[in-house]
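1. sequence first, predicted model second:
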Amino acid sequence: MNGTDITVRVSALSGSPTRPLGAGPSHALSWMTISFLLTSVLAAIVLASAGLGEHGTVLALRATARWCFLLFWPAYAGSALARFCGARLAVLAHRGPAFGLAFAAALSVHVGLVLWLMAVAAHQRTPMMLFWAGAACTYGLALLSLPRARDWLRPRAWRILSESTMQYIALVFAVDFIVEPLRASGLGTYPLTYLPFAIMLVGGALLRLIAQIRPPSTLGKT
């Protein structure tokens, strides 16, 4: 990938207004490289301790899914949260696209683990269309952060595409952290390890919704 083509904008993977991001191409590559390496190390630690079989791979998938979500959330809700809290959290809005690209890089490791699980566990070879569509959305938005690709879309088309795609990715996480655990365990025995992520996800969705329906002048005031 040519470094000159990776001029990241705040609109990428965050839905924020378009403007240059910080240090430019090298800054984006640094975030993506560090994220990929950290996620790889996390997966390697889990696999080394739990084994390369189905059990260890499932644990690695759970760990990387949570880590990916922690990178996705600032890109998803950071701008909306900054509108409520003002300059104190403006860095979240400013770094939203960097978190988004870091999420895309981390997701590559998670995708690799999914493919490995399908190889070591025959009963896990299900279509997983929701997940693969979410991965495609993630990489699609990452590619659209490139100026040449963004030039193909008008601003209004980009806003619609960005919002719908971000919400779809959030839906994939909702299925993973809320729907599937409830289906497997029921409300009474819902695993508490999922609860912080479920709260963050629902809270982020509400923040985005309120930020869109309320005028900017009414947000971020104390």
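-> Looks like it arrived, so ask away.
2. all contacts plus neighbour counts: C-alpha atoms, from now on.
-> Noted.
3. okay, now the closest residue to Ser185 other than its chain neighbours: neighbour count?
-> In space, and not counting its chain neighbours, Ser185 is closest to Pro191: 7.7 Å by C-alpha to C-alpha, 6 or more residues apart in numbering. Pro191: 15 surrounding residues under other C-alpha atoms under 10 Å.
4. same deal with the one 4 residues further on?
-> Around Leu195 sit 13 other residues, with neighbours defined as other C-alpha under 10 Å.
5. which SSE is it in?
-> helix 195-213 (DSSP states H and E).
6. list the buried residues of that helix.
-> Judged by neighbour count (16 or more other C-alpha atoms under 10 Å), helix 195-213 contains these buried residues: 197-198, 201, 204-205, 207-208, 211.
7. picking that back up, what pLDDT does the residue nearest to Ser185 get?
-> In this model, Pro191 is scored at 88, pLDDT.
8. next: Val179.
-> In this model, Val179 carries a pLDDT of 94.
9. and it, how far from Val172?
-> Per C-alpha to C-alpha, to the nearest Å, Val179 is found 10 Å from Val172.
10. residues contacting the residue most central in space within the chain?
-> Taking C-alpha atoms, centre = their mean, the centroid of the chain lies closest to Phe72, which sits 2.7 Å from it. Contact analysis of Phe72 by C-alpha atoms under 8 Å, 6 or more residues apart in numbering lists 99-100, 103.
11. chain center to whichever strand or helix holds Glu180: distance?
-> Using DSSP H and E, Glu180 falls within helix 180-185. Its chain's C-alpha centre and that of helix 180-185 lie 22 Å apart, by C-alpha atoms, centre = their mean, to the nearest Å.
12. report the buried residues of that helix.
-> By 16+ other C-alpha under 10 Å, the buried positions in helix 180-185 come out as 181-182.
13. hmm, who's touching it?
-> 190-191.
14. restrict it to CA atoms and write it as CSV.
-> Extracted C-alpha coordinates of helix 180-185, given in CSV (Å, rounded to 0.1, in the frame of the first residue of the first chain):
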residue,chain,number,x,y,z
GLU,A,180,-26.2,-14.6,21.2
PRO,A,181,-25.4,-14.7,25.0
LEU,A,182,-29.1,-14.1,25.8
ARG,A,183,-30.1,-16.9,23.4
ALA,A,184,-27.6,-19.3,24.9
SER,A,185,-28.0,-18.4,28.6
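15. Thr64 and Pro196, how far apart?
-> In terms of C-alpha to C-alpha, Thr64 sits 16 Å off from Pro196.
16. for Arg154, the count of nearby residues, please.
-> 9.
17. and it, what's its pLDDT?
-> 79.
18. may I have the distance across stretch 179-190, first residue to last?
-> Per C-alpha to C-alpha, the first residue of stretch 179-190 is 10 Å away from its last.
19. buried ones in the helix or strand that contains Thr57?
-> Applying DSSP H and E as the criterion places Thr57 in helix 54-85. The neighbour-count criterion (16+ other C-alpha under 10 Å) identifies 54, 56-69, 71-84 as the buried residues of helix 54-85.
20. likewise stretch 94-112?
-> Buried residues in stretch 94-112, counted by 16+ other C-alpha under 10 Å: 94-111.
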